[in-house]
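Engineer: Sequence and predicted model, in that order:
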Amino acid sequence: MALRVVVRELGTDIPSGIAHLLVESDPAGLETSRSTPCNARLATSDVAVAPNEVLVHIRAAAVNFPDLLMTCGAYQYKPEPPYTPGTEAAGVVVRRGDAVQHLAVGDR
């Protein structure tokens, strides 16, 4: 089962913000096992991709200091809950929009 981290409620400081992080199943349905090769095709036909967008299967993500500040509303960018924290990620392109020319499916 694919999982994601979600902030549904802001904390009053960084420790309480971290305590509010929830792990939920991935609603996009991009489920794969850890043994699935990076270049495997995923069932993504129900995920819309605009002409200038790409869909990336995230294989690793980082939560850095600004992300921690966001969990308690202390960063200049204040997303409305619920949101998924994380401004750094690495993965594999699984779909691309028609206008995207510099990336191909399978690129890491």
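Structural biologist: Yep, that arrived.

Engineer: where in this protein is pLDDT low?
Structural biologist: Along the chain, segments meeting pLDDT under 70 span 1-2, 26-46.

Engineer: so where do the helices sit in the protein?
Structural biologist: 14-19, 65-70 (DSSP state H).

Engineer: deepest of those, which one?
Structural biologist: By mean neighbour count, with neighbours taken as mean count of other CB atoms under 10 Å, helix 65-70 ranks first of the helices of the chain at a mean of 17. In this view, the C-beta of every residue, glycine as well, is placed from N, C-alpha and C.

Engineer: and that one, what other elements does it pack with?
Structural biologist: Contact here means 3 or more CB pairs under 8 Å, 6 or more residues apart in numbering; DSSP states H and E; on that basis helix 65-70 packs against helix 14-19.

Engineer: which residues touch Glu88?
Structural biologist: Ala61, Ala62, Asn64 (CB atoms under 8 Å, 6 or more residues apart in numbering).

Engineer: wait, which of those residues is closest to Arg108?
Structural biologist: Ala61 (14.3 Å; CB to CB).

Engineer: beta partners of that closest one?
Structural biologist: Legend: beta-bridge partners of Ala61 under DSSP bridges are Ala89.

Engineer: What's the local residue count around it?
Structural biologist: When neighbours are defined as other CB atoms under 10 Å, Ala61 has 16 of them.

Engineer: now do Pro85
Structural biologist: 21.

Engineer: which residues does the closest residue to it other than its chain neighbours contact?
Structural biologist: Excluding its sequence neighbours, the residue lying closest to Pro85 (CB to CB, 6 or more residues apart in numbering) is Asp67, at 4.3 Å. Taking CB under 8 Å, 6+ apart, we find Asp67 in contact with Pro85, Gly86, Thr87.

Engineer: returning to what we had before: kindly reformat the helices of the chain as a markdown table containing distance to Ala104.
Structural biologist: A markdown table is the format used below for these (distance: least, CB to CB, whole Å):
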| stretch | distance to Ala104 |
| --- | --- |
| helix 14-19 | 37 |
| helix 65-70 | 29 |
